[in-house]
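> what follows is a predicted protein model with its sequence.
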Amino acid sequence: MSRSWPWIAVGLYALIALVPIAYLGYLSLHDAQGRLTTAFYTAYESSALWSLLWKSVQIAGGATLAALALGAPIGVLLGRSSLWFKPVWIALTVVPLLLPPYLMTICWFYLLSPDGWINTTLLAPVGIGPIEFQRFDGLPGCIASLALTYYPIVALLTWVGVRTPDPAFEEAARLVRAPWGAFRRTTWVVARPYVLTGAVFVFFFSLINYAVPYQFSIGGILPSEIHSQYQAHHNHGQAAALTVPFVFASLVLLWAERRTVARGAIVRGRTTADAPPIRLGFAQPLALLFAAAVSTLAAAAPIAVLVKMAWPFDGFRAALESFRPELINTVLLAAGAATLAVVIAIGVATRIARGGLLGGTLDVAGMLPLAIPPMSLGIALILVWNRQSAFGTDAAWIARVSDAIYTTGWIMLFALIARTFPFALRPVFYGLGGVDPALREAATLAGASRTRTFLRITLPLVWRSLALAWFLVFLFSVGEYDATHLVQPPGWAVVAPRLIGSFHNFRHDLVSNNALVMIALVVFPILIYLLVPKRSRRPV
Amino acid sequence: MNPLELDRVTVRLGGRTVLDDVSLSVGAGELLPILGPSGCGKTTLLRVVAGLVRPKRGRVTLGERVFNDPRPRVPAHERGVAMVFQQLALWPHLTVARNLSFGLEARKVPEAERTTRVADALASVDLAGFEARRPDELSGGERQRVALARALVANPDVLLLDEPLSSVDAMLRDELLSVIRTVHRRLGVTTLYVTHDRDEAMALGRRVAVMTDGRLVQVDAPEALHRRPANRFVARVSGVQNVFFAVGEDDAMRPVPDADPDGPAPNGARLVAIGGHDLELADADDAPIEGEVEASVFRGDHVVVIVRTGVLRLEVRDAARRDVGERIGVRWLRPPVPIGSDSEVNA
């Protein structure tokens, strides 16, 4: 890596994500004539806004509690108990992360609607029903849908948390307490911040989600209000003022992440051995039943209903053909965004690692997009790159640059990178930080240039972290809806908006077949990753 | 080979002075151990020479070449300096051969010559035939040798060894010390060897540099460090166990038994040091110092008898154990030498 790349990368990230976010801040403090004003913030004095906020918090809080109820026990069972068939449950716990939240919702509509699979296939043959699952509709359905999508975040962080402490801590406690008591007093104490972090992430991801409440026709929440201020009222300042508080939410997420990472660094003393699992004994069937129920609700049933809807795949070719441009665009844009995001993240992470005021600022700035509603990011990108807004139309070259970005796939790439950059930055940052600086210094003393040292020494050691970063960006980009449906220019339509549109047009054949293709798209990189032989990369 | 000179080098890191006005001359082809406790600045000194740390003040030269003045004049990769890192820093994803040839490739050495030099370097550390192995397939001792071979393969002008034996057991350490001595004798490369282990330092160098708190305290032959330590710190780090306040001169010198050696000097007394081997036990009535045996510690070929007199604890080398509580006398075979306080420097 050249000496200048960190600076170039910081500049690119600023251009793609920070400038639009900053522009939202500017818009929220200026009226249509460009005069300084705080008028848009007077909305926070109105009870209407607080009722929006209350409804949003109800959804996010409900989803968080439900995700905790499902995810924390699953994480403990997978991480520390003698639960049978663990690899199966671990795989099934990851599956919901491959489904965008709106797809989980669609699957459950298929399962629970009056003519859905449960009524027609499970209940009708035994003479029951049809049952009207009206209660699933509305707020409870929205909460359940978000919880089933996001509970793996809590489960996986709990799993990591309970495996983090040195096994000797718990073993020492086992000499004076029963196994679960020892676990509760030692390992669980260390794992709690991980669980809390998972809960914080679920809360904010639910809070900023637009697509799922939209599918349940739930209005009167913050993201939908931002959308309506922008789209219906063309009140950009108000839309921006509603977004700005989410910047502070990003700081909460950063705090939560640091809390877990810092704790982990302190307690992680073990090298290879795991603590012996705690025997479930007579509780084994109950635990199996719980794991099976959660996995069925969040993974097996949604996938199964898609397969059932598509079966026997006689319409597969036609469905695929119908979605061909969207599928191609989605793969190209997701892969492009993932590659660019990782390359930029390498530079930004390198600059963060050098510390100082700029390093610390970038560390926070790198997390900013995480808690900002993607809807707002989309709006900000439109306002910045639509040449009639942010830059004006005086200079011809600005108009040309704006056009080259705003009317092409670049605006989609910008939206995807701005939206997913934190998912690239964190693995890259921790991956690069995990390389002993002495390895690079040894290469320098051996006469290698910076680029050679990066390509020959650093890159082979951190490629798994980079692959993880690439995959996360790819995963979230493939399913992204909230930002991309706003910014997509002609000729750059992607799968997610088309999928939701097809669902509302009752083209369930298109939805089921292409949803399965979408899932296959994100499973494919995982298979490649798993097939690459593993060799030791540990420092010796 | 050229002499290495550090002239009044000062390094500040994180607001702390890590090296404080350090001046040091290392002769061409000399192997100079630098002895000191953890955190005293030994590794920083090596990193300054390597070009990995930039000094705030001072000058580093190798013969006529000015490395720093204090601005870096020669970048790290052009100094002809090789280093064996404390944690070895072998590249885990490369084979032994690739670990060695990495630097040669960067310097565009032709492949045939690379192969020969890698084979020669491995042979010099008794690892011929290990080319295709990876670091995680080697034992601890083999990794140490690979790290040494990697440093040597570039034919460096200066070799820096940063506590290379800190993580190996005693038996392996003796074996590796022998390898280092042999390689140094054969190649004659100017070498700085950082260690906190007294035995390693004394075994390797004709001179030893003692460091503490970022300063060089004494640079002298091992025997001189032992016989004439500059101050209390050097006495302790070089294995002179007995430091106390005494009055009188030569054979008439007597310890002040109630004076704490770490406290202020009593009137007319001065701080002196003497090794346990320069003391002998005698009958209590027939010796200038009388005390009580506190412990006898078996040390293989001898026993260390600890005699308490007042607040002093004297360690005396003897042939046999003594009973705890036994009244006994101590006398010196040669008079203790006066030493300075810890703030006095004799480098």
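Nice, I can see it.
> could you pick out the residues of chain B near chain A for me?
B:50-52, B:76-78, B:81-83, B:85-93, B:102-103, B:106-107, B:134-136, B:138, B:143, B:150, B:154 (C-beta under 8 Å from any C-beta of the partner chain). C-beta coordinates here come from the backbone N, C-alpha and C atoms, glycine included.
> give me the residues contacting stretch B:257-270.
With contacts defined as C-beta atoms under 8 Å, 6 or more residues apart in numbering or on different chains, stretch B:257-270 is touched by B:232, B:243-247, B:256, B:271, B:289, B:309-312, B:338.
> which ones among the residues of chain B next to chain A lie within strands?
B:81-83 (DSSP state E).
> in TSV, list those residues along with distance to residue A:233 and neighbour count.
Below are those laid out as TSV (distance: C-beta to C-beta, whole Å; neighbours: other C-beta atoms under 10 Å in any protein chain shown):
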residue	distance to residue A:233	neighbour count
B:81	68	26
B:82	69	25
B:83	66	29
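> mind putting these into CSV with pLDDT?
As requested, these are arranged in CSV below (pLDDT from 0 to 100):
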residue, pLDDT
B:81, 93
B:82, 94
B:83, 94
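> export these as a markdown table, with columns for distance to residue A:201.
Converted to a markdown table, those look like this (distance: C-beta to C-beta, whole Å):
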| residue | distance to residue A:201 |
| --- | --- |
| B:81 | 48 |
| B:82 | 47 |
| B:83 | 43 |
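> next helix or strand past the helix or strand of chain A with the lowest mean pLDDT?
Sorting the helices and strands of chain A by mean pLDDT, DSSP states H and E puts helix A:245-267 at the bottom, at a mean of 69. Where DSSP states H and E defines the elements, the next helix or strand beyond helix A:245-267 is helix A:284-295.
> which strands or helices does that following helix pack on?
helix A:47-80, helix A:86-98 (3 or more C-beta pairs under 8 Å, 6 or more residues apart in numbering or on different chains; DSSP states H and E).
> how about chain A: which residue is closest to chain B?
Among the residues of chain A, residue A:446 lies closest to chain B, at 2.9 Å counting by C-beta to the nearest C-beta.
> residue contacts, the closest residue to that residue other than its chain neighbours?
Spatial nearest neighbour of residue A:446, chain neighbours left out: residue B:103 (2.9 Å); criterion: C-beta to C-beta, 6 or more residues apart in numbering or on different chains. Contact analysis of residue B:103 by C-beta under 8 Å, 6+ apart lists A:443, A:445-448, B:150, B:153-154.
> any idea how many residues pack against the spatially closest residue to residue A:372 that is not a sequence neighbour?
Nearest non-adjacent residue to residue A:372, counting by C-beta to C-beta, 6+ apart: residue A:246, 4.8 Å away. Using other C-beta atoms under 10 Å in any protein chain shown, residue A:246 has 23 other residues around it.
> surely residue A:246 touches residue A:374?
No - between residue A:246 and residue A:374 there is no contact under C-beta atoms under 8 Å: 10.6 Å.
> so where's the stretch 251-400 of chain A uncertain?
Scanning the stretch 251-400 of chain A for pLDDT under 70 picks out A:260-274, A:387-394.
> what sits against residue A:205?
Residues near residue A:205 by C-beta under 8 Å, 6+ apart: A:146, A:150, A:153.
> ok, now which ones touch the nearest residue to the second one once chain neighbours are set aside?
Translated: residue A:150. Distances taken as C-beta to C-beta, 6+ apart place residue A:202 nearest to residue A:150, at 4.4 Å, with adjacent residues excluded. Going by C-beta under 8 Å, 6+ apart, residue A:202 touches A:60, A:63-64, A:67-68, A:146-147, A:150-151, A:153-154.
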